[in-house]
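J.: Provided below for reference: sequence and predicted model.
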Amino acid sequence: MKKLFLLSAAALMISTGAFAQSTVVTTTGTGHATVQIEPQYRTRIRTYVTEHHLRPVATKEKIIVGAQVPSDVELEAVPTDWGPSLTQYRYVYSGDRVMLVDPGTRMVVQEVD
């Protein structure tokens, strides 16, 4: 009984700690890498899109997380001020959304909301 109580308490402490973190962790659900974007970097990304008046790319099919970006769509380099964990990716601006793309596979790994 004591073991069950200790295990329950440990599980509760772990889950409570996860909610207290300020980093947003998102998985694609398709077995791809986890992308971490801290809130201040999300703000910088939205500001960048607004200030640079990015024009969305036009594609036949909607670009979504887990899908491959068509080869005729140019992938843009992620600015360094978007955060150190994102510089390994490229991005596409599509339908008023910034989509992070793995440049090796051209797979969308994260939508930045």
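T.: On my side now, so go ahead.

J.: in this structure, what residue spans correspond to helices?
T.: Secondary structure of the chain by DSSP state H: the helices cover 2-20, 39-51.

J.: can you flag the weakest of these by average pLDDT?
T.: For the helices of the chain, the stretch scoring lowest in mean pLDDT is helix 2-20; its value is a mean of 44.

J.: any weak-confidence spans in this structure?
T.: Counting by pLDDT under 70, the ranges of the chain that qualify are 1-34.

J.: rerun that using 50 as the cut-off
T.: Regions of the chain meeting the criterion pLDDT under 50 cover residues 3-7, 9-10, 12-31.

J.: where along it do the strands fall?
T.: Along the chain, the stretches classed as strands by DSSP state E are 24-26, 35-37, 76-77, 90-94, 97-102, 107-112.

J.: would you turn these into a markdown table with mean neighbour count and distance to residue 55?
T.: All C-beta spots, glycine's among them, are computed from the backbone N, C-alpha and C. Compiled in a markdown table, those are given as follows (neighbours: other C-beta atoms under 10 Å; distance: least, C-beta to C-beta, whole Å):
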| stretch | mean neighbour count | distance to residue 55 |
| --- | --- | --- |
| strand 24-26 | 13 | 26 |
| strand 35-37 | 19 | 23 |
| strand 76-77 | 12 | 11 |
| strand 90-94 | 21 | 7 |
| strand 97-102 | 22 | 13 |
| strand 107-112 | 20 | 17 |
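
J.: quick check: buried residues in stretch 83-92?
T.: Neighbour-count burial for stretch 83-92, counted by 16 or more other C-beta atoms under 10 Å, picks out 83, 86, 89, 90, 91, 92.

J.: would you agree the first one is in contact with residue 38?
T.: Yes: at 6.5 Å, residue 83 counts as touching residue 38 under the criterion of C-beta atoms under 8 Å.

J.: which residue packs closest to residue 80, ignoring adjacent ones?
T.: Residue nearest to residue 80 in three dimensions, not counting chain neighbours: residue 87, with 6.0 Å by C-beta to C-beta, 6 or more residues apart in numbering.

J.: dihedrals phi and psi, the one you found?
T.: In this entry, residue 87 is assigned phi and psi values of phi -70, psi -20 (degrees, to the nearest 10).
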